[in-house]
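> have a look; sequence and predicted model below, questions after that.
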Amino acid sequence: MEKEKVIEVKDLVKRFGAFMANDRLTFDVYRGEIFGFLGANGAGKTTAMRILCGLSRPTSGRVTVAGIDASRRPEEIKKRIGYMSQRFSLYEDLTVRENIELYGGIYGMSMKVIIPRREALLDRLSFTQYGDMLIHALPLGLRQKLAFAVAVFHDPEIVFLDEPTSGVDPVTRRQFWEMIYETASHGITVFVTTHYMDEAEYCDRIAIMSEGQIAAIDSPSALRKQYGTASVEELFVKIARPQKSKT
Amino acid sequence: MKRLLFLLRKEFRQIIRNPFMLRAIIGVPLMQMLILVPAVTFEIKRLDLAVTDNDRSSASRELISKLSGSSFFRTTAAPLNIATAESLLLSGDADMVLVIPDDFSEGLAGMTKPRLQVLIDAVNATQGMLAWSYLTSVVRDFNMDLVISQGGAPKVIPGISTAPRYWYNPTLNYKHFMLPGILVILIIAIGLMLAGLNLVKELETGTLEQINVTPVSKWEVIVSKVIPFFILGLFDLALGLTVGWIAFNIPFEGSILLFFACSAIFLVAVLGMALFFSTLVSNRQQYLFVAFFFTMVFILMSGIFTPAESMPLWAQQFNWINPVAYLMRINRMVMLKGAGFHEIARDIGMLSILALAFIILAIRAYRKRA
Amino acid sequence: MKRFMAFVRKEFLHIFRDVRTLIILFGIPAAQILIFGYAVRTDLKNASIAVLDNARDNVSTELTRKLEASEFFAVTSLLESYDEIDATFKEGKIKAVVIFPEDLGARLTREGNAAVSIIADATEPNTASLVTGYTSGILNDYSATLTGHITSGLPVIAPEVRMYFNPNLQSHFMFVPGIITLILIMVSALMTSVAIVREKEFGTLEVLLVSPLKPWQIIVGKVAPYFFLSLFNVIIILLMAWFVFRLPVRGSIALLIAECMLYILMGLSFGILISTIVDKMENAIIITFMVLLLPGLLLSGFIFPIENMPKIYDYISMILPPRWFIEIIRPIMIKGAGIAYVWKETLILAGMTLFLMVLSARKFKVRLEEKAG
């Protein structure tokens, strides 16, 4: 497998006043892989992800996403990525179809392109019956799936998912990860943060963050071997401790 | 550009889907026009005047009947002692008390200097002043009649008489004065409240972050918020004007087109300001306070209710950046005086500069990061 | 009870930790006091007027000088002809034109009287009547000196006036109670309704409702901080009014504070009531804004005396709590009235408060049951 770097991060530092949210992060993400970003709440996952998405600027360090410098041309990055935030962020007072249409349009597609793609997508997700329902009438699981579908609707190079499965039931989570696999199989790189350790096992590679630093990074199996633990969960407890409880 | 159309379609869909918003858009102008326009008046209808007549002479009765005859005063007889007279002022049962001392007629006969005592409730300073000047003019008339009847002066009233004439509003109708002002309040309330809250709400619920991570440009976001509320604002203006015209028959001397053009510029300034403020706050509660504060300041200092010339210099200088002050003046000029583009060109120019400045400020202050 | 206190403390922290909210909460009342105290005036000062002097004699020159010298006017332009008046008004720079007739001085010496016309721009009727009133006053004073010899030896009635409660005729005497009324309704009604609806919107109210706290405790806990903030605002405004304008509270401070508490309770109940009928924050804001603030500003007697309005507004304003509150605190603050003078208004306000409290409590319960069902 040829390893083409699609995200390169070198010595990334993000400071908020005296607080060091990201402390000299260095890692690469390869095209087409599912990269998991793990850590307790407040470990700095979301901060790093927001920098990668161009929503926030690094204090220092070099960040390249899809070949573009994140501190200089964040707007260029935004054309090539998809993003699904922790907070649900589709418009609740628009229908499923209207939301898809809006984001398709924002990414520069014309209605001619949007309509067939949208119908195909609804069909694939077996969502056709919900197409004209307002989002706030949908159950949470369906909304999350839809938010993901919208995030990759414009065929980005990379999709960033910020704790996409928090609060959904196990069955939906399962289906959600099937969608992630399918996306990755089309060559879209998936960058996902999570605090569900079982989900980490689904990733090609994971990075474990603790107190703003990367404590370990490799494939789940390699890490388990390295630290001699039976599961990622144990591994996480071992690496991420001791940590002060931050709220 | 195509992106903007998608954003606009979204905004309109959301507005149309919000039944409350639609009701507010119709209801607010109706309420403001019908309830507020007639209510706002400084014109003094009637003052409650309590009279204590300690003289009980024909002269004092003559004076009292002259006062009752004036349309400004509603006279009541008051108890004789001064303490109870004061308590009438305290309880608000009388606006002023006139005490005619027991030597009043002797004074008129030339034995002493004729005196009158007047106690005025001056909590409302303007009203207190007016009450005083109404009373003195009645007393002056009474005095003059007296002088003439005693044959001390020619039949012609000596001195300089004044003949006031009131242009553009000959009956001093306060509705004519308020309606152009209420229309300005209407636009600023709609613009500042609805547009700003809309953006802050997207910020609070997280949908704005999703927009920010897409390649839309800042100006597209701002413009997509300006246009819908711009249209709503003009619609409300038309509605308010129609209601005002039907209900109060306000004359419209100038060009309606010019009037709408100026309001449109003003609306752009207000929307720019709203969106600029919304970039400064973190939730709707804060926005509300900021918006409410500036609405109050802009309105009160603009001269809508009170004469702007009476304010100290710094306050008048503040009005250089107060869009309400410009539109206020323009509206009254165009609606009541029939002023044309020429007369208000300077105000239009300043308003345009403000509009441009606020829009640029909003676009610059808007951050595509959080 | 311990749990309840912990909850109240959390709500306090919530507000106090947010510096921006605090600045806004306390900066706004302060700024309003300053604006009303220093900037906004209902009286006339330095109004620009023009003179059209057809006489050009000693009398007209003297009168122009007198107008110029008064603090009410600034003579900013001298017109040449009657035809210029309309254009000058349309420029909007002047408020009135005083026209001296050709034969002013001559007539005055020959016949003892003359007429001067004043044309006022009546687009602002209040200013117009003040301008004409003051101009006549100045002309009268002047003619009194001319005609003094005619009436000398005859009685001239000299009314002595005492301006009660506000001897220097300052307009902020009227405004400060109004500002308190407005700020309180804003902090109590608007802020609480928004705070509760916000919790509803984010779903956190549900979380609280399933907690062991009783519903009334939740509500009281949510509104308690606003009660104290409002009260604190009252004190700030009173202190500023004293330090900035030397406006004292003439009546009993205890009575004033008690009345303020009553009014704040009314505002809080109203806020809760609004929060039970709407689910979206915008709607809460629009309702409070339209129902309370604008009418509160214009129909409560804050700036415009109610007794000057058409009779029907007297009745409409009777259902507005701010009207009664202004009628209570204005006499207490400015006139030094005691409870004997305001007990009727106080009873009405108390009745309204009770009504709103009961109504909002019932509505809140109904909503809870709906949720359960």
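Structure's in. What do you need? Numbers count the residues shown, from 1 in each chain, chains lettered A, B, ... in the order given.
> and whichever residue of chain C sits closest to chain B, how many neighbours does it have?
Scanning chain C for proximity to chain B using Cβ to the nearest Cβ identifies residue C:143 as nearest, at 3.0 Å. For the C-beta atoms, the positions are set from N, CA and C on the backbone; glycine is no exception. By the measure other Cβ atoms under 10 Å in any protein chain shown, the count of residues near residue C:143 is 23.
> give me the residues contacting the lengthiest helix in chain A.
Identified as the longest helix of chain A according to DSSP state H is helix A:170-185. With contacts defined as Cβ atoms under 8 Å, 6 or more residues apart in numbering or on different chains, helix A:170-185 is touched by A:32-34, A:141, A:144-145, A:148-149, A:152, A:159, A:161, A:164-165, A:168, A:190, A:192, A:196, A:199, A:202.
> do stretch A:123-139 as well
By Cβ under 8 Å, 6+ apart, stretch A:123-139 touches A:90-97, A:99, A:119, A:121-122, A:142-143, A:145-146, A:149, B:17.
> quick one: end-to-end length of that stretch, please.
End-to-end distance for stretch A:123-139, by Cα to Cα, to the nearest Å: 18 Å.
> how far off centre is it?
Its chain's average C-alpha position is 23 Å from that of stretch A:123-139, according to Cα atoms, centre = their mean, to the nearest Å.
> kindly report the same for stretch C:20-30.
That offset, for stretch C:20-30, works out to 19 Å (Cα atoms, centre = their mean).
> list the strands paired with the top strand by length along chain B, with their directions.
When chain B is scanned for its longest strand (criterion: DSSP state E), the result is strand B:159-167. In its sheet, strand B:159-167 lies beside strand C:113-121 (parallel), with partners assigned from DSSP bridges.
> average pLDDT for the strand it pairs with?
For strand C:113-121, the mean pLDDT works out to 86.
> name the next helix or strand downstream of it, please.
helix C:125-151 (DSSP states H and E).
> between strand C:113-121 and that following helix, find me the angle.
170 degrees (axes from the mean of the first three to the mean of the last three Cα atoms, to 10 degrees).
> could you list every helix and strand that helix C:125-151 packs against?
Secondary-structure packing of helix C:125-151 (3 or more Cβ pairs under 8 Å, 6 or more residues apart in numbering or on different chains; DSSP states H and E): helix B:125-149, strand B:159-167, helix B:174-189, strand C:47-53, helix C:58-69, strand C:73-79, strand C:96-100, strand C:113-121.
> now with 6 Å?
strand B:159-167, strand C:113-121 (3 or more Cβ pairs under 6 Å, 6 or more residues apart in numbering or on different chains; DSSP states H and E).
> in chain B, where's the longest helix?
Max-length helix for chain B by DSSP H is helix B:218-248.
> quick one: the strands in the stretch 101-250 of chain C?
Taking DSSP state E, counting those that start in this stretch as the criterion, the stretch 101-250 of chain C carries its strands at C:113-121, C:158-164.
> which of these sits most buried?
Of all the strands of the stretch 101-250 of chain C, strand C:113-121 has the most neighbours on average by mean count of other Cβ atoms under 10 Å in any protein chain shown, namely a mean of 21.
> would you mind putting the CA coordinates of that one into PDB?
Output in PDB follows, covering the C-alpha atoms of strand C:113-121 (Å, rounded to 0.1, in the frame of the first residue of the first chain):
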ATOM      1  CA  ASN C 113     -48.300  99.100  19.300                       C
ATOM      2  CA  ALA C 114     -47.000  96.900  16.500                       C
ATOM      3  CA  ALA C 115     -47.200  93.300  15.400                       C
ATOM      4  CA  VAL C 116     -44.400  90.900  14.900                       C
ATOM      5  CA  SER C 117     -45.000  87.500  13.200                       C
ATOM      6  CA  ILE C 118     -43.300  84.300  14.200                       C
ATOM      7  CA  ILE C 119     -43.300  81.400  11.800                       C
ATOM      8  CA  ALA C 120     -42.400  78.200  13.400                       C
ATOM      9  CA  ASP C 121     -41.400  74.900  11.800                       C
END
